[in-house]
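> predicted coordinates and the sequence they were generated for:
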Amino acid sequence: MSTIVAPSLFAADFLNLERDIDMLNRSEADWIHLDIMDGVFVPNLSFGFAVTDLLKRVTQKPLDTHLMIIQPEKFIDEVAATGSTLMNVHYEACPHLHRVVQQIRQKGMKPVVTLNPHTPVCVLEEILPELDMVLLMSVNPGFGGQQFIESSLEKVARLKEMIVRRGLSTLIEVDGGVNLETGKKLVEAGADVLVAGSYVFNADDPLRAIQALKAL
Ligand code: DX5
Ligand code: ZN
């Protein structure tokens, strides 16, 4: 299976969003990654549902929505209304994670749990069979263009080992500081899905940048 690539729209040119989405539609990207930030869970704001509700008119790829917000369970209906295929909530934001995961599935979306860099994969021991995917942050969430945290590679390998040992088919997605070099190491360590923001949108040829990530 080739690597699944999910460019992050957070790094797009917001003055030319439709143009950038058109590029993604024409590209080999598998999904479009949407980063929603609340200025509380992370020290930044991004875009909200006023924007994501419009995106479904123009996007032709499955949406992978990453909520960097407290109490994400308040917005399950809104995320479902964007037509998202995957809904990612942070482990650190959900004291009743099992319930939230069930609610996401009831709304017809695939539940994904995201871990911050400092959160060990062992906290997923009980919830893992309920998940379609785990998203490992390889930077502290909130900003694009940050440096990849190298210890994420061992974390991917540990999670892969957990998944294989239990005979599960949970995907591993990694987000933050992904480029061709870090992406190659991540895929070798067991990552299935690469999120890339600045690497794609700052490239001279974003279509080729996506193609190169896919080929890893
Ligand atoms: C970080 C976001 C990422 C970010 C990735 O808080 O979750 O999706 O946009 O950006 P790059 O690829 O530039 O690190
Ligand atoms: Zn993200």
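Sure thing, it's come through. Everything quoted here is computed from the prediction, not taken from an experiment. Ligands and ions are numbered 1, 2, ... in the order given.
> contacts for whichever strand or helix holds Glu181, please.
If you go by DSSP states H and E, Glu181 is part of helix 180-189. The contact list for helix 180-189 (C-beta atoms under 8 Å, 6 or more residues apart in numbering) reads 3, 138, 148, 152-154, 156-157, 160, 174, 178, 194, 196, 199, 212-213, 216. C-beta coordinates here come from the backbone N, C-alpha and C atoms, glycine included.
> what about 6 Å?
Residues from elsewhere that reach helix 180-189, judged by C-beta atoms under 6 Å, 6 or more residues apart in numbering: 3, 148, 153, 156-157, 174, 194, 212-213, 216.
> again with stretch 125-136
Contacts to stretch 125-136, defined as C-beta under 6 Å, 6+ apart, come from residues 88, 101, 110-115, 155, 170-175.
> with stretch 51-67 instead?
Contacts of stretch 51-67 (C-beta under 6 Å, 6+ apart): 6, 18, 21, 25, 31-36, 79, 82-89.
> related to what we said a few turns ago, and which of the contacts of stretch 125-136 is nearest Asn44?
Each of the contacts of stretch 125-136 was scored against Asn44 by C-beta to C-beta, and Asp175 proved nearest at 14.6 Å.
> which phi and psi does the residue nearest to that closest one when sequence neighbours are not counted have?
Sequence neighbours aside, Val195 is the residue nearest to Asp175 in space, at 3.9 Å (criterion: C-beta to C-beta, 6 or more residues apart in numbering). Per-residue torsions, Val195: phi -90, psi 140 (degrees, to the nearest 10).
> surely Ile163 touches Thr170?
Yes - between Ile163 and Thr170 there is a contact under C-beta atoms under 6 Å: 5.0 Å.
> per-residue pLDDT, the residue nearest to Gln71 when sequence neighbours are not counted?
Leaving aside its sequence neighbours, Gln71 sits nearest to Ala93 (C-beta to C-beta, 6+ apart; 7.0 Å). Per-residue confidence (pLDDT) for Ala93: 98.
> the longest helix belonging to the chain - what's its average pLDDT?
Taking DSSP state H as the criterion, the chain has its longest helix at helix 152-165. Averaging pLDDT along helix 152-165 gives 98.
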